[in-house]
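**Student:** What shape does this take:
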Amino acid sequence: MAIATTSTGTMSSPGIGSGLDVKSIVSQLMTVEQQPLTRLSQKEASYQTKLTAYGSLKGALGSFQSAMQSLSSASSFQTLTASSGNSTVLAASAGITAKAGTYSVDVSHLAHSQVLAADGITSTQNSSSTGTLSIQVGSGTLQTITIDSSNNTLSGIAEAINAAGAGVTATIINDGSATPYKLVLSANATGAANTINVTNNLSAGELSTAVNSLAQVRAADDAALTVNGVTVSSASNNVSSVISGVSLNLLTTGSSTVTVTADTTSAQSAVTNFVKAYNDLNGMLNTLAGYNAKTKTGGPLMGDSTARSLQTQIRAVLSQNLAGIGGSLTTLSQVGVSFQKDGTLGLDTAKLASAASSNFSDLPALFAVRGKSNNTLLSFVSAAAKGTPGDYQVDITSAATRGTVTAGNTPAASTVIDAANDSLSITVNGIASGTLALAHGSYTPAQLASALQTSLNSAPAFSAAGITTAVTLDGGKLAVTSQSYGAASSVSTLVGSAIVALGFNGGENGTGTNVAGTFTLNGNTMAASGIGQILTGATGTAGEGVQIKYTGSASQVSAGTDGIINFSGGYATQLYKLATTALDDAGSLAGSSNGINKSLLDISNQRDVINRKLTSTEARYRKQFNSLDTLISNLNATGNFLTQQIQYLPTPGKTTSK
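**Tutor:** This is a model prediction of the structure:
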């Protein structure tokens, strides 16, 4: 680093009468004095190079961490596909919960939406009736539409209906007759329950007459099919609740088979990605911390303990035999993955294909998180990176419950619902339903419960939030229960003209409770917290982030241990945990980087000290050499004077004449 020189005194170069080149002498002396700064700059450059190398290593390790995280899910290795034997009848798709097998499906009837058509009129633009229309589809929300001078034409009424979001689509059909323009209403939802109800409150006129003439041209129907001989009815042609994990899209009537098979291609692709992720990281580690024999140079982290330790830990994980994962596959070599002479991982694709076909159900445990339970009421959900694999004894102290309210009164043996008592609103899980309407008719208590449930589960606000309810009879009284569990499950705020007929007083409310319990691992009992039916190991414990689900009721809770969950982590899970720990703010890479940053700060402080010292040293040198220059100049002047005087001294033996 160049140091700005100072100027002390008035001497220039060369010296006044002395011949000394003061500027050059001081400059050369300061070059020697600045050598500590040069050494600091060299050390600083070395630290900066190392810091940059750590940044590259963090980036590579972060990519490796992301790859291992995605491969820590069993779904990456164990996917299934569903195929239809007759693609003209239906299409099929499989999710993660599907089971391999073959199913026979016979579709006898497709689901349809109801269609109503009115009598034709001569023009779409003739102004006519005004007033209101009320439209309700099934037990959905009743929508009231205003028709005034701005929209009291056939086109205007169709546009107003479509804008109202009433669950129907209005179109105008021209049939080519003398009165060609017909208003047609089509329900957006299929299913026998989704019939269109129109209440005409328009004033007398052409539009009112047309609305009154609305008649069914296609009935609302449920789909009818059999699956392996079992009769199934569905309001939709998309059937997803019949075969576990399989969705059927019904296209026409007829017969087909649905075959669910293991997708070994996805499993092989996941293992290939695992090998690539390791080789990419290993390549970066070799570049940064290895020695290049061709160039005879080492990487910026060669000999670095952090990089060497990371590489050693990763290889140790890959070289181990996984015990306790509950499958026939326990080593990478069994699926064709092995170390090569150059330290990379190689893949025998033929061996992998064979292993994926013959051990499809065991392959996920070799790489991903896997949990097994000895109690059907307990199931493993997931585990965070800090969770310790092992056999967890689960002690449930309280089962999760759902929010429910029970009417205070028993409904009549026969209850009539009409315009005077058909509306209500309710809040479930903190979401307000909006105003709902019960279909008019005469109901027994059981029929009333069914009608109320249909109305609630058709509420758009609930459908958007994924909320469903169950309405049952409890001791003859109606009970409304949220289908979710836990403290967030609640039912409250029943208001409206229908609540008295339903037996409610209007002040009822109920809230669910979360599951509660503890985990015990290797004799150590750990705290856990519940949300709904999910129990999660507490932060700071060996079971941190381990999640299990308890689906039992209060009466099924046992005294002491309710079951044992075996949680194991495969290679990808363990490597994800290792990478996460290394990248943590308190991890090894952060510690090494922080150490270098501290050293760089120390260098900066040392440079400031040396620069201050150099400034004073240069000033001292200039002062000293300026003084020497002055002294030599004075001596030279004295010498010159003496020389002149000596010339005038008398020569010995010589006399002066008179």
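
**Student:** So what's the residue count around residue 141?
**Tutor:** 20 (other CB atoms under 10 Å). Just so you know, the C-beta spots here come from the backbone N, C-alpha and C atoms, and that holds for glycine as well.

**Student:** Please apply the same query to residue 24.
**Tutor:** Neighbours of residue 24 (other CB under 10 Å): 11.

**Student:** So it: helix, strand or coil?
**Tutor:** helix (DSSP: H, G, I helix; E, B strand; the rest coil).

**Student:** Does residue 151 touch residue 162 like I think?
**Tutor:** No. Shown here, residue 151 and residue 162 do not form a contact pair, counting by CB atoms under 8 Å, at 11.4 Å.

**Student:** Give me the more crowded residue out of these two.
**Tutor:** residue 151 (18 against 14).

**Student:** so what pLDDT did the more buried one get?
**Tutor:** Residue 151 carries a pLDDT score of 94 in this model.

**Student:** intersection of neighbour lists for residue 151 and residue 162?
**Tutor:** Listed contacts common to residue 151 and residue 162 are nil; contacts here mean CB atoms under 8 Å, 6 or more residues apart in numbering.

**Student:** need the contact list for the closest residue to residue 556 other than its chain neighbours.
**Tutor:** In space, and not counting its chain neighbours, residue 556 is closest to residue 377: 6.2 Å by CB to CB, 6 or more residues apart in numbering. Residue 377 makes contacts with 550-552, 556, 562-563, as judged by CB under 8 Å, 6+ apart.

**Student:** Go again with 10 Å.
**Tutor:** 394, 396, 399, 533, 549-553, 556-558, 562-563 (CB atoms under 10 Å, 6 or more residues apart in numbering).

**Student:** And for residue 229?
**Tutor:** By CB under 10 Å, 6+ apart, residue 229 lies in contact with 104, 106.

**Student:** can you tell me how far it sits from residue 424?
**Tutor:** Distance, residue 229 to residue 424, using CB to CB, to the nearest Å: 41 Å.

**Student:** And residue 121, by the same measure?
**Tutor:** 38 Å.

**Student:** And residue 302, by the same measure?
**Tutor:** Distance from residue 302 to residue 424, by CB to CB: 76 Å.

**Student:** Residue 252: how many residues sit nearby?
**Tutor:** By the criterion of other CB under 10 Å, residue 252 has 11 neighbours.

**Student:** Low-confidence regions, the protein specifically.
**Tutor:** Scanning the chain for pLDDT under 70 picks out 1-19, 323-326, 385, 653-658.

**Student:** how's it carved up into domains?
**Tutor:** Split into domains by automatic domain parsing, the chain comes to 80-110+223-262, 115-218, 265-369, 370-400+514-569, 404-511.

**Student:** Tabulate those domains (CSV), appending distance to residue 71.
**Tutor:** Putting the domains of the chain into CSV (distance: least, CB to CB, whole Å) gives the following:
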stretch, distance to residue 71
domain 80-110+223-262, 15
domain 115-218, 41
domain 265-369, 6
domain 370-400+514-569, 12
domain 404-511, 29
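
**Student:** Quick one, which of these gets closest to residue 74.
**Tutor:** Minimum separation from residue 74 across the domains of the chain (CB to CB) falls at domain 265-369, 3.8 Å.

**Student:** Straight-line length of the closest one, end to end?
**Tutor:** In terms of CA to CA, to the nearest Å, the two terminal residues of domain 265-369 are separated by 20 Å.

**Student:** With neighbour numbers in mind, choose between residue 302 and residue 424.
**Tutor:** Here residue 302 and residue 424 are compared on neighbour count by other CB under 10 Å; more neighbours surround residue 424, at 23 against 15.

**Student:** Now do the same for the more buried one: helix, strand or coil?
**Tutor:** Going by three-state DSSP, the secondary structure assigned to residue 424 is strand.

**Student:** Next one: the nearest residue to it once chain neighbours are set aside relative to residue 167, how far apart?
**Tutor:** What sits nearest to residue 424 in space, not counting adjacent residues and going by CB to CB, 6+ apart, is residue 496, at 3.4 Å. In this view, residue 496 and residue 167 are 20 Å apart by CB to CB.

**Student:** ok, now residue 374?
**Tutor:** Counting by CB to CB - residue 374 and residue 167 are separated by 48 Å.

**Student:** what about the two, which has more around it?
**Tutor:** The neighbour count for residue 374 versus residue 167, taken as other CB under 10 Å, is higher for residue 167 (20 against 11).

**Student:** so who does residue 289 touch?
**Tutor:** Residue 289 touches 53, 57, 298-304, 306-308, 310-311, counting by CB under 10 Å, 6+ apart.

**Student:** can you give me the strands in the stretch 351-500 of the chain?
**Tutor:** With strands called from DSSP state E, counting those that start in this stretch, the stretch 351-500 of the chain shows them at 369-373, 378-382, 390-398, 404-406, 415-417, 423-428, 431-432, 436-437, 441-443, 469-474, 477-482, 490-495.

**Student:** what are the bridge partners for the residue lying closest to residue 393 once chain neighbours are set aside, then?
**Tutor:** Once flanking residues are discounted, residue 393 sits nearest to residue 520: 4.1 Å by CB to CB, 6+ apart. Judged by DSSP bridges, the bridge partners of residue 520 are residue 393, residue 525.

**Student:** Would you mind measuring from residue 520 to residue 527?
**Tutor:** Counting by CB to CB - residue 520 and residue 527 are separated by 11 Å.

**Student:** Spit out the residues that contact the two alike.
**Tutor:** residue 543.

**Student:** thinking again about what came up before, between the domains of the chain, which gets nearest to residue 63?
**Tutor:** domain 265-369 (7.0 Å).

**Student:** ok, residue 405 - contacts?
**Tutor:** 426, 428, 478-482, 490-494, 504, 507-511 are the contacts of residue 405 under CB under 10 Å, 6+ apart.

**Student:** Actually, residue 173.
**Tutor:** So residue 173 contacts 117-118, 120, 180-184 (CB under 10 Å, 6+ apart).

**Student:** Residue 250 now?
**Tutor:** 89-91, 105, 107, 109-111, 223-225, 234, 236-239, 256.

**Student:** Backbone dihedrals for the residue nearest to residue 563 when sequence neighbours are not counted, both of them.
**Tutor:** Of all residues not flanking residue 563 in the chain, residue 375 sits nearest, at 3.1 Å (CB to CB, 6+ apart). Note on residue 375: backbone dihedrals following degrees, to the nearest 10 are phi -130, psi 120.

**Student:** and of the contacts of residue 173, the nearest to residue 446?
**Tutor:** Taking the contacts of residue 173 together and measuring to residue 446 by CB to CB, the closest member is residue 117, at 35.7 Å.

**Student:** Quick check: the gap between that closest one and residue 218.
**Tutor:** According to CB to CB, residue 117 and residue 218 sit 9 Å apart.

**Student:** quick one: which of these two has more around it?
**Tutor:** For the pair residue 117 and residue 218, the greater number of neighbours falls to residue 117 (19 against 13), based on other CB under 10 Å.

**Student:** so can I have a markdown table of the strands of the stretch 351-500 of the chain showing distance to residue 252?
**Tutor:** Below are the strands of the stretch 351-500 of the chain laid out as a markdown table (distance: least, CB to CB, whole Å):
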| stretch | distance to residue 252 |
| --- | --- |
| strand 369-373 | 42 |
| strand 378-382 | 39 |
| strand 390-398 | 49 |
| strand 404-406 | 43 |
| strand 415-417 | 38 |
| strand 423-428 | 38 |
| strand 431-432 | 38 |
| strand 436-437 | 35 |
| strand 441-443 | 35 |
| strand 469-474 | 34 |
| strand 477-482 | 38 |
| strand 490-495 | 42 |
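
**Student:** So for residue 567, which of these sits nearest?
**Tutor:** Short answer: strand 369-373, nearest of the strands of the stretch 351-500 of the chain by CB to CB, at 4.7 Å.

**Student:** Show me what that closest one is packed up against.
**Tutor:** helix 363-367, strand 378-382, strand 390-398, strand 547-550, strand 563-569, helix 571-583 (3 or more CB pairs under 10 Å, 6 or more residues apart in numbering; DSSP states H and E).

**Student:** That strand: partners in the sheet, and parallel or antiparallel?
**Tutor:** Partners of strand 369-373, by DSSP bridges, with direction: strand 563-569 (antiparallel).
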